[in-house]
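J.: Following is a predicted model, sequence given first.
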Amino acid sequence: MLFTSTVFLFLYLPIVLTLYYIVPRKLKNTLLLVASLFFYAWGEPKFLLILIFFILINYIFAILVDKYRDHTVRVKWLLALTVIVNLSMLGIFKYANFFVTNVNSLFGSSIVLNHIALPLGISFFTFQGLSYVIDVYRKDGKAQRNIINMAMYKALFPQLIAGPIVRYQTVADQITDRKETVEKFAVGTKRFIIGLAKKMILANNCGWVADQIFSMPADHLSVGLAWIGAICYSLQIYFDFSGYSDMAIGLGKMFGFDFLENFNYPYISRSATEFWRRWHISLGTWFKDYLYIPLGGNRGTTFQSYRNLFIVWLATGFWHGAAWTFIAWGLYYGVLIMLEKAFLLKVLKRIPKVFQHLYALFAVIIGWVFFRAETFGYAFGYLKSMFGANGNSLWDQQAVYYSTQYGIIILLAIIVSIPVFNLIRNFLPKGRNAGNVFSRNLIVSAGYVLIFFLSLVSVVSSTFNPFIYFRF
């Protein structure tokens, strides 16, 4: 079920919210669990058993880890088994086809493997399950012995399919002791509206342009058209994924949960290092806390530090998808961040901030070409067109068409990708007297109503539009 579907907006969500605020406190988690399992089964009923399996094994592993934590060897074996089982399941469903295809290609073999469908959200709820057991091992959270509460945390529908990756230690207390307030519900509603608008108004329109351009032969693109496509995809993936995160965080607040932020205006960054502190924050911190630091982080020799960065970025690329282009994308950032760590950041600090921003944007957009392309051949061909190496014109009729027909929405998306709302607040009526407060609230409320109305119009008139990160 999609957050942007009429079924979710006009049927599922109103019913679940109504029931949630009616049932007694002791039944709220049970209701959320049932609603979340139904939410997942709506789109993937055959994979519901996979989700339940992940819930059960991590529930059992966490209890065993807590029970045998004083037995050093045994608890380490249990933790290792937790990692092996979780990652093996992820490997089977997400990477088996990739490995077989590459083995056949490399060795000329003819291994036959029936296509294995990818369960929605498996990358997210696998990492969430691992963080739960590891947090229990580290004593960052107590083992949840109530299976209903554990299952609810694992399957909670706002963040189940595409994050943010809600780590157990950040919501452990909220599972059994959270407060729902009118103020929090209002904040959640506003956040959901912003996320819905990001997806329906900005991401979908920019995505349509990107899809049209990336479907063309790479060597036929003019320089301008190639850049329009790359910029539109950069905007699409940001508003698509951050929009989902906004909706997830907003929904969480409606039910009393406080999820951590997942995006912080990444396109205002001045380096690739800063970009990854602002982009998909829950994934970055997951890899930092559960892979980079356990490997030794930057505590060892220079070689060991760079080796650890290489492993993390290789894993980051591979986590995003079973394709060499994703691996190349991850290693691209790994090399770039290594270079920044070695000397680039020192160089960047000596130049004007505007050039630092341009460098970061340039690096990020180039990276998105590899992320979007299905093959290396297409990625390199596309990059050649972006830099005029294919011998095509700088600007053509197609570039004119997309820039004139979609220029306003692209410009709007660019503006919204920076902290523009902070600037708008400065122009609203100030002061604490009743008149100013009323005027400010009226303007803000009218703005949200208008945004929600425009988003609903787009929802009703659009066709199937899944989120990009559903694939991962």
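T.: The structure has been received and is ready for your questions.
J.: CA atoms for contacts and neighbours, from now on please.
T.: OK.
J.: what helix or strand does Glu261 sit in?
T.: Following DSSP states H and E, there is no helix or strand that holds Glu261.
J.: Ramachandran coordinates for the residue lying closest to Phe214 once chain neighbours are set aside?
T.: Spatially, and ignoring its direct neighbours in sequence, Phe214 is nearest to Gly229 (6.7 Å; Cα to Cα, 6 or more residues apart in numbering). For Gly229, the backbone dihedrals are phi -60, psi -40 (criterion: degrees, to the nearest 10).
J.: helices and strands around the helix or strand encompassing Ala446, which ones?
T.: For Ala446, the element it lies in under DSSP H and E is helix 434-461. Applying 3 or more Cα pairs under 8 Å, 6 or more residues apart in numbering; DSSP states H and E, we find helix 434-461 packed against helix 182-197.
J.: and the helix it packs on with helix 434-461, angle?
T.: Orientation of helix 182-197 against helix 434-461 (axes from the mean of the first three to the mean of the last three Cα atoms, to 10 degrees) gives an angle of 40 degrees.
J.: Any buried residues in helix 182-197, and which?
T.: 184-185, 187-197 (16 or more other Cα atoms under 10 Å).
J.: which one among the residues you listed gets closest to Pro14?
T.: The nearest member of the buried residues of helix 182-197 to Pro14, counting by Cα to Cα, is Thr189 at 12.3 Å.
J.: how deep is the spatially closest residue to the closest one that is not a sequence neighbour tucked in, by neighbour count?
T.: The shortest distance from Thr189 to any non-neighbouring residue, by Cα to Cα, 6+ apart, is to Gly250 (5.9 Å). Number of residues near Gly250 (other Cα atoms under 10 Å) recorded here: 28.
J.: Isn't Phe157 up against Phe39?
T.: Yes: with contacts counted by Cα atoms under 8 Å, Phe157 reaches Phe39, the gap being 6.6 Å.
J.: how does this protein divide up, domain by domain?
T.: If you go by automatic domain parsing, the domain ranges for the chain are 6-178, 184-461.
J.: and those as TSV, adding distance to Ile468 and mean pLDDT?
T.: What follows is the domains of the chain, written out as TSV (distance: least, Cα to Cα, whole Å; pLDDT from 0 to 100):
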stretch	distance to Ile468	mean pLDDT
domain 6-178	9	90
domain 184-461	7	91
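J.: chain center to the helix holding Ala446: distance?
T.: Centre-to-centre, helix 434-461 and its host chain are 27 Å apart (Cα atoms, centre = their mean, to the nearest Å).
J.: Stretch 11-18 now?
T.: Distance of stretch 11-18 from the chain centroid (Cα atoms, centre = their mean) equals 25 Å.
J.: Give me the residues contacting it.
T.: With contact meaning Cα atoms under 8 Å, 6 or more residues apart in numbering, stretch 11-18 is reached by 32, 35, 255.
J.: Can you tell me which of these has the most neighbours?
T.: Neighbour counts for the contacts of stretch 11-18 peak at Leu32, which has 24 neighbours (criterion: other Cα under 10 Å).
J.: list the helices and strands the helix or strand that contains Lys26 packs on?
T.: Lys26 belongs to helix 25-43 when assigned by DSSP H and E. The contact analysis (3+ Cα pairs under 8 Å, 6+ apart) places helix 25-43 against helix 13-22, helix 48-67, helix 147-155.
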